[in-house]
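In: I would like the atomic coordinates for the input below:
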Amino acid sequence: MKINVLFSYINTDELAYTGKTTVVIDVLRTSTTIIQALQNGAREVIPVASVEFAVKVSGGMFGGQTLLGGERNTKKLEGFALGNSPLEYAPEVVGGRTIILFTTNGSKAIVKAKFSENLFIAAFTNLNAVANQLIKLDKEFEILCSGRGNYFSMEDVICAGKLISEIQKINNNVELTDSAKASVALNKSFGKSILTMMQQTEHGKILIENNFDEDIKFCSRINTSETIPYLTSGVLKAL
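Out: Predicted coordinates:
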């Protein structure tokens, strides 16, 4: 099993993912929010790469059983029912509904990797579940960190490193690229306290400035969910 880590979705081509197994990570907050939505009974989550497409798609689908969710630069978009806080996606809000999701980076990263043969969503909250699924699949895979545009995001890469480390505990026959080795090393250095690490990252500080402290605490929890979002025909469902 060979594992590679991509630090951003920006400089890759959609077709580069064709036939591959890909794990998309956007810890703060898209990945965590998608996991929470599906765990709490959302029918599905449809990631989109633009606000305009989100509005267009939501207008003619599923007889009004859709909710627009997402953000731009941490803020909920005007006219959207939900933002990108996992705390908003409660069972009574999302149960049985289709979520159309646009976010500044995470949804774009998922759409970029849409031609993958297998595409899973991971965060700290479902780390073990995803690790076990990848071990069962026993294929080489890419971990795609959403980052922040062209910028490196520490929390995504540490999550990637922790995911790799969990796999290595069970499967010794793992080959790591340089970027995967770097992710494991960063996790060893900075991953002892996930909450403290995320509070000190650039993205974490932006969220704190915008009063999303509780989101960071929620996103720092490890292995609180067995839900694995899986992309099929452009739609994320619980595996």
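
In: which strand residues sit across from the residue lying closest to K139 once chain neighbours are set aside in the sheet?
Out: Residue nearest to K139 in three dimensions, not counting chain neighbours: T21, with 5.0 Å by Cβ to Cβ, 6 or more residues apart in numbering. (Each C-beta comes from the backbone N, C-alpha and C, glycine too.) Beta-bridge partners for T21, by DSSP bridges, are N118, F141.

In: Mind naming the longest strand for the protein?
Out: strand 66-72 (DSSP state E).

In: Quick one: distance of that strand to the chain centre.
Out: Remark: strand 66-72 is offset 15 Å from the chain centroid, using Cα atoms, centre = their mean, to the nearest Å.

In: Show residues contacting it.
Out: Residues from elsewhere that reach strand 66-72, judged by Cβ atoms under 8 Å, 6 or more residues apart in numbering: 33, 37, 51, 54-55, 58, 76-77, 79-84, 88-89, 93-94, 97-104, 107.

In: Could you say which helix or strand holds the closest residue in space to A185 that isn't next to it in sequence?
Out: In this structure, A185 finds its nearest non-sequential neighbour in G161, 7.2 Å apart by Cβ to Cβ, 6+ apart. Element membership for G161 (DSSP states H and E) is helix 154-170.

In: Show me how far that helix is from its chain's centre.
Out: 14 Å.

In: so Q36 makes contact with Y89?
Out: Yes: with contact defined as Cβ atoms under 8 Å, Q36 reaches Y89; the gap is 4.9 Å.

In: ok, how many other residues are close to A113?
Out: 23 (other Cβ atoms under 10 Å).

In: returning to what we had before: distance of the residue nearest to A185 from E214?
Out: Per Cβ to Cβ, to the nearest Å, G161 is found 25 Å from E214.

In: And for K237?
Out: 27 Å.

In: now swap in K20 and tell me
Out: Distance, K20 to E214, using Cβ to Cβ: 35 Å.

In: Among the two, which residue is more densely surrounded?
Out: Neighbours of K20 and E214, each counted by other Cβ under 10 Å, are more numerous for K20; the result is 18 against 12.

In: looking at this, E226 is in a strand?
Out: No: assigned with DSSP: H, G, I helix; E, B strand; the rest coil, E226 falls outside any strand and is coil.

In: Contact partners for the nearest residue to it once chain neighbours are set aside?
Out: Spatial nearest neighbour of E226, excluding adjacent residues (Cβ to Cβ, 6+ apart): A129 at 4.8 Å. Residues counted as contacts of A129 (Cβ under 8 Å, 6+ apart) are 223, 225-228.

In: Tell me the secondary structure at the nearest residue to A238 once chain neighbours are set aside.
Out: Spatial nearest neighbour of A238, excluding adjacent residues (Cβ to Cβ, 6+ apart): L38 at 4.4 Å. What three-state DSSP gives for L38 is helix.

In: Contacts only, for L38.
Out: Applying Cβ under 8 Å, 6+ apart to L38 gives the contacts 44-45, 227, 229, 236-238.

In: for R148, same thing?
Out: Taking Cβ under 8 Å, 6+ apart as the test, what R148 contacts is 104-105, 202-203.

In: quick one: low-confidence ranges for this structure?
Out: The model of the chain has pLDDT under 70 over residues 58-64.

In: Excluding chain neighbours, what is closest to the spatially most central residue of it?
Out: Taking Cα atoms, centre = their mean, the centroid of the chain lies closest to S31, which sits 2.5 Å from it. Nearest residue to S31, sequence neighbours excluded (Cβ to Cβ, 6+ apart): A123, at 3.9 Å.

In: Isn't N118 up against T22?
Out: Yes: at 7.1 Å, N118 and T22 qualify as touching, with contact defined as Cβ under 8 Å.
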